[in-house]
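[1] would you be able to build a 3D model of this:
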Amino acid sequence: MALYEIVPRRPDQYEEIRFTDHEPKVGSTLVIDNRPWTVVKADGSEHPIARTRYICLLQESADH
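    Purely as a prediction, here's the structure:
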């Protein structure tokens, strides 16, 4: 089974890494911790168990 590295980028916080067996697409939305994140970039993973690294950014709320 292939695994994919998910990196939700949070300002001023450590880099968190998660793994999934569902390959996301750049431009799609993922729900992480009940918040919407946009997949903005796919890159090669340096982690030995992951095929691809996906960088995600928190979607801005319409209220802000």
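[2] quick one, strands of this protein?
    All strands of the chain, identified by DSSP state E, fall at 3-9, 18-20, 29-32, 35-44, 50-58.
[3] redo these as a markdown table? Include mean pLDDT and mean neighbour count.
    All C-beta spots, glycine's among them, are computed from the backbone N, C-alpha and C. Shown next, in a markdown table, are the strands of the chain (pLDDT from 0 to 100; neighbours: other Cβ atoms under 10 Å):
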| stretch | mean pLDDT | mean neighbour count |
| --- | --- | --- |
| strand 3-9 | 96 | 19 |
| strand 18-20 | 96 | 13 |
| strand 29-32 | 96 | 13 |
| strand 35-44 | 96 | 14 |
| strand 50-58 | 96 | 17 |
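[4] Val31 contacts Val39, correct?
    No - Val31 is beyond contact range of Val39, at 11.7 Å (criterion: Cβ atoms under 8 Å).
[5] can you pull up the bridge partners for the residue nearest to Glu23 when sequence neighbours are not counted?
    Nearest residue to Glu23 in three dimensions, chain neighbours excluded: Tyr4, at 5.3 Å (Cβ to Cβ, 6 or more residues apart in numbering). Using DSSP bridges, the bridge partners assigned to Tyr4 are Thr20.
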